[in-house]
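> What shape does this take:
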Amino acid sequence: MRSLSLVSSLLPLSSAKGFSAYRIALVVALVVPVVAAALGWVPFALVAAAFAVPAVFTIYLYDVNEWDDQPVPVVLGSIVASGVLGAGLFWLIERSLLDTADQLGFGDNGLPVRSIVVLGVVAPIVGLVVSVVAPIALASRPRFDDMIDGLTFGVASGAAYAAGETLMMHRDILQSGEVSRDSAVLWMSIVANAAIVKPVVYAAAVGIAAASFSGIGPGYDGFGTRFLKGLAIAAAAMLAYGIGVALLGEIDGVSGAAFGLAWGAVVAAALIIVLRTHLHLGILEAALETARGRPNRHEVRGEAHCGECEMFLAPLALFCSACGTSVRATSKIRQRYNVQRPTAISSGARP
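Model prediction:
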């Protein structure tokens, strides 16, 4: 349960073949921007780094039909709006809290306290609060109130917000294209952080908060104790990442960027473990609710098949008896097929 499986944690509805494809896609999403930065194509590298992970999540949403035949509101709500807000809010924060104020320092090195507070505390917290709004709005609708729905929309929204923030943060370089070729290693570290580490931190944090809002069982839990706990975990992780990267960024040269990348990777790994734990506990708690005699809309009926191993599923099963996979860990199309009554599928073809 507590493993560092990035793909199966962030993209839990994928099949085994899908996991392999998405692993390759995420590797490409990291390698292409880093190689571009090494060659001195920093503006291209930053754009590729910003859009790579959100693009993978968009393909994933389409692949598993997570938007349930409502692509426009789901894409606009969980991806496009979050990306636009990420860019707009970072610009507003920077202009209102940094550009018009003098840097405050302390110690021998004159550490810029204002910059660290704004970039390490204010921006991450604003990002968390804003990027969780769309997933919560979707999770409050009956068609998207499952825990995995909330997690998935939260992950997509967080990654998109990170992309918008990254583009706005480096807008001067994107506009001018002027970068010293002597700083290739420095930019490789910065781009690697922007390509994988930052979107994973944002995605996992928002995913935890949104999944906590969805809760278990029919309907959504709402703004209860579970949500407050998940939101607190997400906020702590976002603050740890933001403050750590801001402080380490004050170290001159490649060392600061490299330390920031390493610290971000540690925070991302911790978040993945927490997210995976939430995912497993939610599925198991839902199974316990069913064992107590409470109905569960995911119980299979009729000629149902496992989305992982294709074996037949027993009536009212929540897990495959052959491979142990949850019946929810598959596409929306197969989920709908598996819960139909036998009379409704007698003449239909298998998905």
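> worst-scoring helix or strand of the protein, pLDDT-wise?
One helix or strand of the chain scores below all others by mean pLDDT, DSSP states H and E: helix 342-345, with a mean of 44.
> tell me the contacts of V206?
L128, S131, V132, P135, G154, V155, S157, G158, Y161, A234 (CB atoms under 8 Å, 6 or more residues apart in numbering). Glycine gets a C-beta too; all of them are placed from N, C-alpha and C.
> my bad, W263
Taking CB under 8 Å, 6+ apart, we find W263 in contact with Y241, G244, V245, L248.
> one more time with 10 Å
The neighbours of W263, taking CB atoms under 10 Å, 6 or more residues apart in numbering as the test, are N193, V197, A240, Y241, I243, G244, V245, L247, L248.
> Is it in a helix, a strand, or coil?
Using DSSP: H, G, I helix; E, B strand; the rest coil, the structure places W263 in helix.
> Now do the domain split for the protein, please.
As recorded under automatic domain parsing, the domains making up the chain are 6-290, 298-351.
> now, of these, which is deepest in the fold?
With neighbours taken as mean count of other CB atoms under 10 Å, the domains of the chain reach their highest mean count in domain 6-290, at a mean of 20.
> rewinding a little: among the domains of the chain, which gets the worst mean confidence?
Set side by side, those give their lowest mean pLDDT on domain 298-351, at a mean of 62.
> Tell me where the protein has strands.
Using DSSP state E, no strands are assigned anywhere in the chain.
> circling back: return the closest of the contacts of W263 with respect to Y22.
V197 (17.3 Å; CB to CB).
> if I read this right, that closest one contacts A258, doesn't it?
No. Contact criterion CB atoms under 10 Å: V197 and A258 do not qualify, at 11.9 Å.
> before we move on, back to that, going by distance to A21, which of the contacts of V206 wins?
Nearest to A21 out of the contacts of V206 is V155 (CB to CB; 17.1 Å).
> Can I get stretch 197-212 as PDB, trimmed to CA atoms?
Taking C-alpha atoms only, stretch 197-212 is exported to PDB below (Å, rounded to 0.1, in the frame of the first residue of the first chain):
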ATOM      1  CA  VAL A 197       8.500  17.400  -9.500                       C
ATOM      2  CA  LYS A 198       6.300  20.600  -9.200                       C
ATOM      3  CA  PRO A 199       3.300  19.200 -11.100                       C
ATOM      4  CA  VAL A 200       3.400  16.000  -9.100                       C
ATOM      5  CA  VAL A 201       3.500  17.900  -5.800                       C
ATOM      6  CA  TYR A 202       0.600  20.100  -6.800                       C
ATOM      7  CA  ALA A 203      -1.300  17.300  -8.400                       C
ATOM      8  CA  ALA A 204      -0.900  14.900  -5.400                       C
ATOM      9  CA  ALA A 205      -1.700  17.700  -2.900                       C
ATOM     10  CA  VAL A 206      -4.900  18.800  -4.600                       C
ATOM     11  CA  GLY A 207      -5.800  15.100  -5.300                       C
ATOM     12  CA  ILE A 208      -5.600  14.300  -1.600                       C
ATOM     13  CA  ALA A 209      -7.800  17.300  -0.700                       C
ATOM     14  CA  ALA A 210     -10.400  16.500  -3.400                       C
ATOM     15  CA  ALA A 211     -10.500  12.800  -2.600                       C
ATOM     16  CA  SER A 212     -11.100  13.700   1.100                       C
END
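> okay but S20 is in contact with V7, surely?
Yes. S20 lies in contact with V7 (CB under 10 Å); the separation is 8.7 Å.
> quick one: L174 and V267, what's the gap?
26 Å (CB to CB, to the nearest Å).
> Hmm, I typed the wrong one, I wanted L119.
The gap separating L119 from V267 is 15 Å, by CB to CB.
> Repeat that for F90.
F90 sits 19 Å away from V267, going by CB to CB.
> where exactly do the helices run in the stretch 1-150 of the chain?
Ranges of helices within the stretch 1-150 of the chain are 6-10, 16-38, 42-63, 71-75, 81-94, 113-117, 123-131, 133-139, 147-169, based on DSSP state H, counting those that start in this stretch.
> For I251, what are phi and psi?
Dihedral pair for I251: phi -80, psi 130, per degrees, to the nearest 10.
> so who does it touch?
Contact analysis of I251 by CB under 10 Å, 6+ apart lists N109, A257, A258, F259, G260.
> Which stretches in the stretch 151-300 of the chain count as helices?
Going by DSSP H, counting those that start in this stretch, the stretch 151-300 of the chain shows helices at 171-176, 184-192, 198-214, 225-248, 254-291.
> Out of the ones you listed, the one nearest H305 is which?
In terms of CB to CB, the element of these nearest to H305 is helix 254-291, at 18.7 Å.
> Tell me what angle the closest one forms with helix 225-248.
170 degrees (axes from the mean of the first three to the mean of the last three CA atoms, to 10 degrees).
> when you give positions from now on, start the count at 19
Understood, numbering begins at 19; the last thing we discussed is helix 272-309.
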